[in-house]
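Peer 1: Following is a predicted model, sequence given first.
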Amino acid sequence: MSTNPFNPNSYVAFDGTSVRDLIIDKLNQGQIFTDQNYQGSNISALIDVISYTFSTLLYYLNKTSSESMFSESQIYENMNRIVKLLNYNPKGKITQSLGYNLSLKPNLSPGNYIIPKYSYVSIGNVSFSFNKNIMFTNFADGSIKFQNKTTDFFLYQGKFQEYPSYNAIGANNEVLYLSLGDTTYVDNFNIFVYVKPKSTGVWEEWTQSQNLFLNKSTDKVFQTRYNPNKNYEIIFGDDINGKKLNTDDTVQVFYLNIDPTSSTVASNTLNDTSIVSYNSNIYNEIKTDAFLETGTYMSRNQLAYVTLSNDYPSSPYESEESVDDIRINAPKNFSYQQRLVTTNDFQTYIKSNFNNVISDVYVVNNEDYLKGHLKYLYNIGINYPQLDGTVLYNQIKFSNSCNFNNVYVYLCPINNSQRYVNASQKELILSELESQKILTSQIVPIDPVYMLFDFYVKSSFSKASTSDLNYNKLRIYKQSNSRRSSSGIVADIVNLITSTFSKQNVSFEKLINISELSNNILNVDGVEKIQTYRNDTNEFVEGLSFLVWNETYPDLDIETYNQNLQLEYFQYPSFNDITNLISKIEVIETSGVIQITDF
Amino acid sequence: MATIYLDNLFNPRQIQSSTTLPDKNPTKVAAIYTDLHLDLTNSKNVGLGLDPQNSNDIVVDNDLNAIKNSLYNIFTTIPGQKILSPSFGSNLSQYLFEIVDVVRGKIIGDNILKTINTFEPRVEILNIEVYPLPDKLMYHIILIYKLAGNNNIFKTPIQIFPNNIQIL
């Protein structure tokens, strides 16, 4: 029996050259051919072809087997299919959302009114749509009472469109594919389905379910899945989990057609926009049959009395989950199984479902909250930490007097112009968590404690204070033979610092690596050395020195650091007045002569 | 007394075509160099001693023919074509559309000498005669060499035409 010449553990090392060498060795042992040892021979050419083919096939075998593995896959299509086994539904595109306030102009006659869903407003060329009926009562004295929850008062970028009506074939778990082409983008959370059963002829609204397996046989629900081709599949039940479609039932889908390229909307831009109601034959039929709210659907003239305003800018658009995002989120999603129990469960769920609202989240229980955040407030000299503004606000709005079962969720908004997640966004997150959290727990959103950073040299004559910040600058000593402009060097350093403190790179409980930042600045072309300099006392520190203080209590928690700094879980770093960073950096040009050899 | 050689029973002589009759003298001297013959075909053996029969062996080129294969491959391969040996080849084709003259003939001769010394250690070049034929837009080259371990001198003519290279 012949021995196996291959080491069973080294198959991945079979590149073309090693296969060629192996064949040559075998032929030499056979002593029939000799010319395999000469590159010019015919047999050498044949060996090369065989070896190269083998190595190419092995490469594809390796790649194919890698692509079939969750940990190695790099192609979206493959990853999407793999996580289907985990029952993970990758997120599609998420459009901008815009919270708004609604008021009425005088002279609208009293009554119950409804702003019909799918109506929209236009801000410039960008449309924002209502995805819920907004119901209110206009009283004779001019006051308004809304019947919606706070979370309903969001507009979503895009316009609703109708997908062509679909006649069901009556199969179990029937799937309707939304095939809209490559240039039509659909929001992940704004797909609405109406079904007109052949037996009744009356439209009814079916609701979206996270997972059909959680539903009863009579539930009129559907599940959406963002499939490997980046289209949506709408999956119906089988009369065991979710109600089944019957033959010739008519299905009508409304989807939000979004524009991923449109820029976000600033605060106070909704003023003077007029609402345009959605109108089509099928929509009017559905409105009559399936919209169960009581009141008068506002006509075009009546809609002119409605005034919208927005205190906050819109949240940014988020593209679909990438392969790496799915790789991180799918196992976590699998582990929490629609039950929010551990810290990781909460964090994963919030991060993956509200990544267009928040940049970071941190979750603690009551004990950690007392040991951490409240103890910190007490330590810095606040006698009644529970009366701290942000603590008290969230306690009153979202919690009750019983705190031991509280789950504190620290939320940092993704929007740079927004310091805290606003109340309606918090409500939105809480309402989503409600159905999945442990029954006895109570979720309390908490605002981050912002720790501000700025260049600072502590004077030996006075205490550190934010009022001295104007005297402090970062000094860059330019290399004497550098041909870079000073402004170019400053721009590079500004980019470095901005990037270090950007929301993509910071988080709760962040280690602020000052030595790494110093090294990065020193590595900028043209920089010889850096100093933090104070011009009122002419004191300086070699390298970077930061003043770090609590934004809310700048007199109580303020320290100077020139070493790495580990923040607490409730602290979120931010650079003070980062838009004026250029003015805080000065370049010192040392005199020198550029030699010919430098060129 | 007649001698009966039984070598051909275990070492059949290989022949290249069905029209060639088998040599009655059995092969006694083993070939030094053995290469595959292209295109790949089955070889024939003496069978019962009357008609050549197909064998399960492949046709091979021995010794001088094997070296000629190598020279042909060297001259007709452009460096980079042989994937696992990218430097192999002579790149003579770069001269195909150049003016035919003595200077370029000298360059071609140097190129051939350098290439053979690099890739064919079995050949010792004695002389390379390059004759430019401008009227025919070709070079006629005669390669004079001997094989390592063999004092016989061989001559191989090569012709470089505007559109191809031939080794005669």
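Peer 2: Right, received. Where do you want to start? Numbering: from 1, shown residues only, chains lettered A, B, ... in the order given.
Peer 1: C-alpha from now on. contacts and neighbour counts both.
Peer 2: OK.
Peer 1: can you tell me the residue of chain B closest to chain A?
Peer 2: residue B:70 (4.2 Å; CA to the nearest CA).
Peer 1: Burial check on that residue, number of neighbours?
Peer 2: 24 (other CA atoms under 10 Å in any protein chain shown).
Peer 1: so where does residue B:98 fall, helix or strand?
Peer 2: Under DSSP states H and E, no helix or strand contains residue B:98.
Peer 1: Helix, strand, or coil at residue A:426?
Peer 2: helix (DSSP: H, G, I helix; E, B strand; the rest coil).
Peer 1: re the thing from before, can you classify the residue of chain B closest to chain A by secondary structure?
Peer 2: helix.
Peer 1: so it touches residue B:120, yeah?
Peer 2: Yes. Assessed by CA atoms under 8 Å, residue B:70 is found in contact with residue B:120 at 7.4 Å.
Peer 1: any residues in contact with both of those two?
Peer 2: A:38-40 (CA atoms under 8 Å, 6 or more residues apart in numbering or on different chains).
Peer 1: Give the buried residues for stretch A:535-554.
Peer 2: By neighbour count with 16 or more other CA atoms under 10 Å in any protein chain shown, stretch A:535-554 contains the buried residues A:540-541, A:543-551, A:553.
Peer 1: Please apply the same query to stretch A:239-252.
Peer 2: A:239-246, A:249-252.
Peer 1: Which helix or strand contains residue 90?
Peer 2: All of this is about chain A. Counting by DSSP H and E, residue A:90 is part of no helix or strand.
Peer 1: What about residue 142, how many residues nearby?
Peer 2: Looking at chain A here, since you left the chain open. Using other CA under 10 Å, residue A:142 has 15 other residues around it.
Peer 1: not what I meant, chain B
Peer 2: Residues near residue B:142, counting by other CA under 10 Å: 20.
Peer 1: which element is residue A:57 on?
Peer 2: Here residue A:57 is assigned to helix A:42-67, by DSSP H and E.
Peer 1: Tell me if that helix is near chain B.
Peer 2: Yes. Using CA under 8 Å from any CA of the partner chain, helix A:42-67 reaches chain B at A:42-43, A:45, A:48, A:52.
Peer 1: of all the buried residues of stretch A:535-554, which comes closest to chain B?
Peer 2: residue A:543 (52.1 Å).
Peer 1: if we can go back for a sec, what's the helix holding residue A:57 packed up against?
Peer 2: Applying 3 or more CA pairs under 8 Å, 6 or more residues apart in numbering or on different chains; DSSP states H and E, one finds that helix A:42-67 contacts helix A:16-30, strand B:34-36, helix B:63-76.
Peer 1: Could you rerun that using 10 Å?
Peer 2: The contact analysis (3 or more CA pairs under 10 Å, 6 or more residues apart in numbering or on different chains; DSSP states H and E) places helix A:42-67 against helix A:16-30, helix A:76-84, strand B:34-36, strand B:60-62, helix B:63-76.
Peer 1: ranking these by burial, who's on top?
Peer 2: Greatest average neighbour count among the helices and strands packed on helix A:42-67 goes to strand B:34-36 (a mean of 24), per mean count of other CA atoms under 10 Å in any protein chain shown.
Peer 1: Okay, now the sheet partners of that one, with direction.
Peer 2: strand B:60-62 (antiparallel) (DSSP bridges).
Peer 1: interface residues of chain A facing chain B?
Peer 2: Applying CA under 10 Å from any CA of the partner chain, one finds that chain A approaches chain B through A:16-17, A:20, A:31-36, A:38-49, A:51-52.
Peer 1: List buried residues within those residues.
Peer 2: Buried, going by 16+ other CA under 10 Å: A:16-17, A:20, A:33-36, A:38-45, A:47-49, A:51-52, out of the residues of chain A next to chain B.
Peer 1: contacting residues around residue A:34?
Peer 2: A:24, A:27-28, A:41, A:43, B:31-36, B:62-63, B:66 (CA atoms under 10 Å, 6 or more residues apart in numbering or on different chains).
Peer 1: do residue A:333 as well
Peer 2: Shown in contact with residue A:333 (CA under 10 Å, 6+ apart): A:86-89, A:326, A:339, A:344-345, A:348-349, A:352.
Peer 1: what's the closest of those residues to residue A:279?
Peer 2: residue A:89 (32.3 Å; CA to CA).
Peer 1: The closest one - nearest residue in space that isn't next to it in sequence?
Peer 2: The shortest distance from residue A:89 to any residue other than its chain neighbours is 5.8 Å, reached at residue A:225 (CA to CA, 6 or more residues apart in numbering or on different chains).
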